[in-house]
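> compute the structure for the input listed below.
(2 chains)
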Amino acid sequence: MYRIVEKEFLNPTVVKIVVDAPRVAKKALPGQFIILKIDEVGERVPFTVADFDRERGYVTVIFQIVGATTERLAELEEGDFLSDFAGPLGQPTEVGQVKRVAVIGGGLGCAIALPQAKALHERGVDVDIIAGFKTRDLVILEKEMTEASTRLILTTDDGSVGRSGLVTQVLKDEVEAGAKYDLVIAIGPVIMMKFVEKLTAELGLPLIVSLNPIMIDGTGMCGGCRVRVGGEIKFACVDGPDFDGHQVDFDELMSRNRTYTECERRAHENHKCKIGRTGN
Amino acid sequence: MANMQNTKTKMSLCDMEKRRTTFEEVALGYTEEEAVQEASRCLNCKNPLCREGCPVAVNIPEFLRLASERRFAEAKKVLSCDNCLASVSGRVCPQENQCEKKCVRAKKGESVAIGRVERFVADYKTEDEEVALPDKSAPRVAVIGSGPAGLTCAGELLLRGYNVTVFEAFHKAGGVLVYGIPEFRLPKAIVERTVEDLKRRGAEFEYNTVIGRTLTLDELFEEGYKAVFIGSGAGLPMFMNIPGEGLVGVYSANEYLTRINLMKAYREDYDTPAPVGKRVAVIGAGNVAMDASRCAIRLGAEEVYIVYRRGREEIPARAEEVEHAEEEGVVFKMLTAPEEILSDDKGHVRALKCSRTELGEPDASGRRRPVKVENSEFELEVDTVIMALGTRPNPLIRSTTENLESDKHGCITTAEDGVTTSRRGVFAGGDAVTGAATVILAMGAGKKAAEKIEEYLKNEA
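Reported below is the predicted structural model:
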């Protein structure tokens, strides 16, 4: 059993939990993920490692409430236990010699991009974080991102805080203003990564993306997380989750990620029913 | 006097309606009378060939004799001497290609139904005997993987007095016995009983521990383990590399079966979504393909096809599984090669485009090679395609362990004994060494490895 030692809502739908998992904390590196299961009847769900504390043996996971499992997870409190917590899984992020990097995070993607930005920043790399959110109330991790970067550029779709517009516009503006990036790292909704890919291809910039396909085991066994990269089938859990963004078939990934949309909707309704019942 | 009936005593099966709609066990096993009747068919040959046909060399004539005399508890003892997973192997072994193939009775009629009697005897309820736990000061051995190879190796090591820790990547022990083989063929309670028995005898189980990630093999030695057995199986699914494999509705058999068996997606009270298809094509004709097709029937599919590029004769699955799949309504499309999976306008599977094949000259595997018939393409309308083409060993351990040799297929290389690897103190067996094979061969390797580990530890001491 794995104890939740800390829990915090970062915005109304994004939750941070810190879990006591010494073996995972000892090994975790930026870019890797874990698989957790709440209890006997729960699903196995992958989450990127958002932070780790090797000394205390803690691993931080940040998730958005999107379906039945994340709803149930968000209802757990400090002191509650998860039945399973396996990892670290996947390949750590590999970044070669770089001087200046743009790390782009979209929404929850910022939580996943943060450890990568932090690691590069600690290595002395010039890191610009471009963090995009829908609106001011949904901004998360502003302080942490400021600390992990040379420069944090916030942008919102409605312009309620920071710049106004999409992360792609910010990247384009920065490059046109003279920023010389050796690499772009983009993590966020697949549609965002797809458009960052288009732009970075035009700009001739290398791109790393971190993918979040459907998974069960996380060790290469189910093949549910397969993505087409450079025309070949790759498993995000063992070959990734980081890939060369210019090689990824984003359209196929978007389609595959919708496999259980209908199921999720029903599970969500069902979950609300169950809450209703206990409430009575 | 032996029972001279020329056919096997029939085993009763679960009612067909129940079979098609629930995951309850299909083959119900013998009654006491039936077990005695069948065991009495053994002629007790002077030179029993059946035993040679068994990868773990069970003393078959002896347990059959005891069973025929209704001495079931004693029969169980003889059986469990050589096989600590007999309730499992009695259900899933391809006996027709092993012990029963060598049975003298098969020359004139059917062989003794050794597997069915084995199952009865292994399931026979006896009181747990008192067991001595391993001495705390005895060497500790790490077993990686809790599938049939790992469980057998752990059991054999305990018998030899060693301390054993089994490391499992999943949240539950059993490997392919829990994620792969469905409940209706192997009830999970049987696997749990086996694991509980090992725990009672002193084995420790560490779950959620992915060797190669959570801990490396070298760290196991640093933690004080004196020897390591790798029984990590062959879990990496293969795809065909045909167009359309990325469509929604295409699964590896591993994913399909794991959702259903390990995650219990077929049960309302579990959270994992079930892959429900109305028209399902399973590609391949091994045991895994039979399992997937029969799960599809139980999840309510209206049409389920086995699509296989060779012919009926070449089907690699156990005869009983093929028979049961057919009885339950699975349609066999033989001499049919898939070429492309076709999409609807939403990126979901709409149909499987296939060609007819003919059998040509034998290939490297000794089976006749399927050759495509020109202009024979046709479309099979389906909404789900399950790839049951076989699996390869997972690279996680070999890619994170220095000096552990493996071949071009990713299988760990061993010495002539089949279990000693290129690393001192490291032994391996089962699918991790052979590539995808059977439960009983993995058990054989686990047993052999325990012998070799004992030899190694005695030399080291």
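> name the residues of the longest strand anywhere in chain B that are buried.
For chain B, the strand with the greatest residue count under DSSP state E is strand B:349-362. Buried positions in strand B:349-362, judged by neighbour count with 16 or more other C-beta atoms under 10 Å in any protein chain shown: B:349-357, B:359. C-beta coordinates here come from the backbone N, C-alpha and C atoms, glycine included.
> and which of those residues is nearest chain A?
Minimum distance to chain A across the buried residues of strand B:349-362 is 11.0 Å, recorded for residue B:349 (C-beta to the nearest C-beta).
> surely that closest one is in contact with residue B:341?
Yes. Counting by C-beta atoms under 8 Å, residue B:341 is a contact partner of residue B:349 at 5.8 Å.
> and whichever helix or strand comes after the longest strand of chain B, which strands flank it?
Following strand B:349-362 in sequence order, the next helix or strand is strand B:368-372 (DSSP states H and E). For strand B:368-372, the paired strands and their directions (DSSP bridges) read strand B:349-362 (antiparallel).
> show me the contact partners of the strand it pairs with.
Residues outside strand B:349-362 that contact it (C-beta atoms under 8 Å, 6 or more residues apart in numbering or on different chains) are B:244, B:247-250, B:281, B:307, B:309-311, B:314, B:333, B:335-344, B:368-373, B:376-385.
> before we move on, what about stretch B:14-32?
Contact partners of stretch B:14-32, identified using C-beta under 8 Å, 6+ apart, comprise B:9, B:11-13, B:38, B:70, B:72, B:91, B:116-117, B:119-120, B:123, B:182-185, B:187, B:266, B:297-298, B:300, B:320, B:324, B:327-329.
> mind listing what's buried along that stretch?
Applying a neighbour-count criterion of 16+ other C-beta under 10 Å, one finds B:19, B:23, B:25-27, B:29-30 buried in stretch B:14-32.
> run the chain-centre distance for that stretch.
For stretch B:14-32, the separation from the chain centroid amounts to 20 Å (computed by C-alpha atoms, centre = their mean, to the nearest Å).
> also stretch B:449-459?
With C-alpha atoms, centre = their mean as the basis, stretch B:449-459 stands 26 Å off its chain's centre.
> which residues of chain B lie near chain A?
By C-beta under 8 Å from any C-beta of the partner chain, the part of chain B that sits against chain A consists of B:169-171, B:179, B:207-210, B:213-215, B:235-237, B:239, B:241, B:245-249, B:251-252, B:254-255, B:258-259, B:263-264, B:269-273, B:346-347, B:394-396.
> whichever of the contacts of strand B:349-362 end up buried, select them in PyMOL.
Selection of the buried residues among those in PyMOL, burial being defined by 16+ other C-beta under 10 Å:
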select buried, chain B and resi 244+247+248+249+250+281+307+309+310+311+314+333+335+336+337+338+339+340+341+342+343+368+370+380+382+383+384+385
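> so which of the contacts of strand B:349-362 belong to helices?
Among those, none falls in helices (DSSP state H).
> chain B contacts on the stretch 151-280 of chain A?
With C-beta under 8 Å from any C-beta as the criterion, the stretch 151-280 of chain A meets chain B at residues A:216-217, A:219-224, A:226-228, A:233, A:238, A:249, A:252, A:255-256, A:258-260, A:263-264, A:267.
> which residues touch residue A:239?
A:91, A:229.
> before we move on, what SS does it have?
The assignment at residue A:239 comes out as coil when based on DSSP: H, G, I helix; E, B strand; the rest coil.
> what sits in contact with each of residue B:349 and residue B:341?
By C-beta under 8 Å, 6+ apart, residue B:349 and residue B:341 have these common neighbours: B:244, B:247, B:250, B:385.
> wait, the second one touches residue A:255, no?
Looking back up the chat, that one is residue B:247. Yes. Counting by C-beta under 8 Å, residue B:247 touches residue A:255, with 7.5 Å between them.
> so what's in contact with these two at the same time?
With C-beta under 8 Å, 6+ apart as the test, residue B:247 and residue A:255 both reach residue B:347.
> okay, domains of chain A per the record?
In the domain annotation for chain A, the residue ranges read A:2-89, A:100-210 (automatic domain parsing).
> perfect, that will be all.
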